[in-house]
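Colleague: A predicted structure for the sequence below; I have some questions about it.
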Amino acid sequence: MIYRSKAPLRIGLAGGGTDVSPYCDLYGGAILNATISLYAYATIEPINSPQIIIEALDRNESVSYDKSEELPIDGILDLATGAYNHIVRKYGPVPSGFKLTTVVDAPAGSGLGSSSTLMVAIIGVFCEWLNLPLGEYDIAQMAYDVERVELAMAGGKQDQYAATFGGVNFMEFYKDNKVIVNPLRIKHEYLYELENNLLLYFTATSRLSSTIIEAQSQNVKDKNKKSIDAMHHLKEQALMMKDALLKGNIHEIGGILDFGFRYKKQMAKGISNDAMDEIYESALKAGATGGKISGAGGGGFMMFYCPANTRYAVKKALQHFGGNFSPYQFTERGLFTWSI
């Protein structure tokens, strides 16, 4: 038997950063995000020899270990080894040696939640192989625990839940790891218009999100008023975006994105830079009414809302910056696993 899983990456439309502790523990966070047709994939093939082989095909990395109840966390494919260690501690030894293969449609540091989505896919394929009785909230929380707590990788909570649940969701985050996922019933014509007008632009750079997120968290601990006020406004932005999408006020979305972009830059240093600001302003001059940096910032993907037919002028205006536009579609389904 071969066991497989796939989990969708996401774009954050509003509220980004308010899912990061300690802000969400102190004030409560709110995010609106949507999954897209870029995925993280994981495959497990049981083998007869007492070995564990892990391959990340998109990164051209592989490791091999003798079958053990705990694998080393050594900086090489730690997401996979961390997930394995957690599952073995909780559910006991796996029945045989195996080969775990992973692929992600976007690079690490892209701002689309690729690392957390990969973690969800890895946990999902173990659930399929071992027939683990885990629901959506269980898988998302486990992915968060392994990545953020056990592996101490800085970041928020939205990515794990987006990848697991899929679709367009308004998410609320509170202390003690309380998360509420509210699926939004948005009319198809509103989503089609949003999909048509929202361009996804890769800046051809990646960044280490953990350094930006750590600075953001430290600002909250230090009671930095400017940073905390900015996060309050981003939480407000999530509510604005929810209202606009549900009511079909799609023409307001560019302004709502711009509102968030201005405040997001105040959360921590490094979220934007001169090059990204130049790209953003060039998109606005070409007809975009707003946009944002995806994820923690500092590089990766940007998004621009281009009403009417301005998407073509925006694409032309950004050609000389060296990035590229990525086609996508919104998806309704989250983590999916199967065997054959």
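Modeller: Cool, the structure landed.
Colleague: nearest spatial neighbour of Y65, skipping sequence neighbours?
Modeller: Setting aside the residues directly before and after it, Y65 is nearest to I52 in space (C-beta to C-beta, 6 or more residues apart in numbering), at 4.8 Å. C-beta coordinates here come from the backbone N, C-alpha and C atoms, glycine included.
Colleague: so what secondary structure elements neighbour the helix or strand where A140 lies?
Modeller: Element membership of A140 [criterion: DSSP states H and E] is helix 136-144. For helix 136-144, the packing partners by 3 or more C-beta pairs under 8 Å, 6 or more residues apart in numbering; DSSP states H and E come out as helix 114-130, helix 158-165, strand 179-183.
Colleague: Identify the residues contacting N169.
Modeller: Under the criterion of C-beta atoms under 8 Å, 6 or more residues apart in numbering, the contact list for N169 reads 32-34, 161-162, 181-184.
Colleague: Now for these: which two are most distant?
Modeller: The most widely separated members of the contacts of N169, counting by C-beta to C-beta, are Y161 and L184 (13.8 Å).
Colleague: which of the two has more neighbours?
Modeller: When Y161 and L184 are compared on other C-beta atoms under 10 Å, the one with more neighbours turns out to be Y161, at 31 against 15.
Colleague: can I assume the more buried one is in contact with I139?
Modeller: No: if you go by C-beta atoms under 8 Å, Y161 and I139 don't touch, sitting 9.4 Å apart.
Colleague: Now do the strands in the stretch 1-150 of the chain.
Modeller: Per DSSP state E, counting those that start in this stretch, the stretch 1-150 of the chain carries strands over the ranges 3-14, 29-47, 51-56, 61-66, 97-104.
Colleague: And the third one, what does it pack against?
Modeller: When contacts are defined as 3+ C-beta pairs under 8 Å, 6+ apart, strand 51-56 packs onto strand 61-66, helix 78-91, strand 97-104.
Colleague: List the buried residues of that strand.
Modeller: Neighbour-count burial for strand 51-56 flags 52-56 (criterion: 16 or more other C-beta atoms under 10 Å).
Colleague: again with the longest one
Modeller: The neighbour-count criterion (16+ other C-beta under 10 Å) identifies 29-36, 38-44 as the buried residues of strand 29-47.
Colleague: and which of the contacts of N169 is nearest L194?
Modeller: Set against L194, the nearest of those by C-beta to C-beta is A34 (8.4 Å).
Colleague: If you drop the residues flanking it in sequence, what lies closest to that closest one?
Modeller: In this structure, A34 finds its nearest non-sequential neighbour in V168, 4.4 Å apart by C-beta to C-beta, 6+ apart.
Colleague: One more: E278?
Modeller: Distances taken as C-beta to C-beta, 6+ apart put F321 closest to E278, at 7.8 Å, once the chain neighbours are dropped.
Colleague: so what pLDDT did G270 get?
Modeller: Reported pLDDT at G270 in the predicted model: 64.
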